[in-house]
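K.L.:
Got a sequence here, can you model it:
(one chain, ligands or ions: 1)
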Amino acid sequence: MNKLSVHLRNLSADDMKGRRFASKGSIVAQKYIISSLTKGKVNAFQQKFLHPFSHKTLFSQKNGHNIIGYVEGTKFPHQYIVLSAHYDHLGEKHGNIFNGADDNASGTAALLGFANNIARKPLQHSVLFLFTDGEEVNLLGAKAFIAQQNKLLPRIRLNINLDMIAGNKNTSQLHYIDRRLDNILSNGKLSEFRELSANQTIKVKRGFKQNNSHYKNKVRWYNASDHGEFNREHIPFIYFGVGVHNNYHSVNDDFDQVNLTFFIKACRSIFQYLYFLDRNITPLQE
Ligand SMILES: [Zn+2]
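P.N.:
Residues are numbered from 1 along each chain as shown. I've put the predicted structure just below:
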């Protein structure tokens, strides 16, 4: 089995108990992510992989943990691309485990694969691999990252967020949305960027369908996942996903229900987009 699929299978296995925020299953997931980063010789960011944060409600305080890996850029070591994916999911309800294979073992697996590749062959920009916790609890991990790394924000050129990139058996299209790419790409490079979709082995489409028959509420895609917190800071971002489908937030979002062939191709496409951006972002004047 392809390494990406192995990560996807392991991250959506029952022993992680649905990776609920501040749960035992979450710790199993954290260990898996960190051991994979360590094996791939990916550096810990600021000397630590685990970046804890606390979440207080009226009655309790819970601790979440973002995980951050780092590979220094060859040409622009002080200019960053942040690749993000949330690893938490819904946990268990009434004895059923919500494994969240698409949401978001898929994005997490992709990030582990990218980290492994980039550690062997660094990009021009420094890359942070941000595995967020508590996304399912109102983007807690992304909020904590923004608060904790306040000084770094002006040097973050781009956030690429992956959330649900394996879909279900019927999935055949990858979608993306973006904002402020014209701040970091020349007009010519932005047009080249838009044309990358023509070279992909899957359909890659800009924008999401606004009304989805599987989901009654209107999805606000610009804020639907961790990229929303980067957007709020006016940091250019791209979000990749497949959109809402009938396994979304259901017990059927399992490893045997995702579209593995599509998932592998989606990872390759996203990597091509990343590679293009790394080469073509207009450098900040240091
Ligand atoms: Zn998600």
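K.L.:
which element is the residue sitting furthest away from the middle of the chain on?
P.N.:
Centroid-distance maximum for the chain: residue 59 at 30.5 Å, with CA atoms, centre = their mean. Using DSSP states H and E, residue 59 falls within no helix or strand.
K.L.:
cool, and the one 10 residues further on?
P.N.:
Element membership for residue 69, per DSSP H and E: strand 61-71.
K.L.:
which helices and strands does that strand pack with?
P.N.:
Counting contacts by 3 or more CB pairs under 8 Å, 6 or more residues apart in numbering; DSSP states H and E, strand 61-71 is packed against helix 24-39, strand 43-44, strand 50-56, helix 107-120, strand 125-132, helix 140-148. Glycine gets a C-beta too; all of them are placed from N, C-alpha and C.
K.L.:
got the contact list for the most centrally placed residue in the chain?
P.N.:
By CA atoms, centre = their mean, the chain has its centre lying nearest to residue 85, at 2.2 Å. Residues near residue 85 by CB atoms under 8 Å, 6 or more residues apart in numbering: 104, 107, 108, 110, 111, 130, 131, 132, 161, 162, 163, 226.
K.L.:
among the residues you listed, which are in reach of the ion?
P.N.:
Contacts with the ion within these, counted by CB under 5 Å from the ion: 104, 163.
K.L.:
what's the closest of the contacts of residue 85 to residue 263?
P.N.:
residue 110 (8.0 Å; CB to CB).
K.L.:
ok, the closest one - how many residues close by?
P.N.:
27 (other CB atoms under 10 Å).
K.L.:
give the contact list for it.
P.N.:
Applying CB under 8 Å, 6+ apart, we find residue 110 in contact with 4, 85, 162, 165, 266, 267, 270.
K.L.:
Just the pLDDT at residue 1, thanks.
P.N.:
Reported pLDDT at residue 1 in the predicted model: 82.
K.L.:
Residue numbers of the stretch 151-286 of the chain in contact with the ion?
P.N.:
Listed as neighbours of the ion in the stretch 151-286 of the chain under the rule CB under 5 Å from the ion: residue 163.
K.L.:
All the strands of the stretch 101-250 of the chain, residue numbers only.
P.N.:
Remark: strands assigned in the stretch 101-250 of the chain by DSSP state E, counting those that start in this stretch are 125-132, 156-162, 173-179, 203-206, 237-241.
K.L.:
what residues are up against the closest residue to residue 15 other than its chain neighbours?
P.N.:
Nearest in space to residue 15, with sequence neighbours left out and distances taken as CB to CB, 6 or more residues apart in numbering, is residue 28 at 5.9 Å. Each residue near residue 28 by CB under 8 Å, 6+ apart is listed here: 15, 16, 17.
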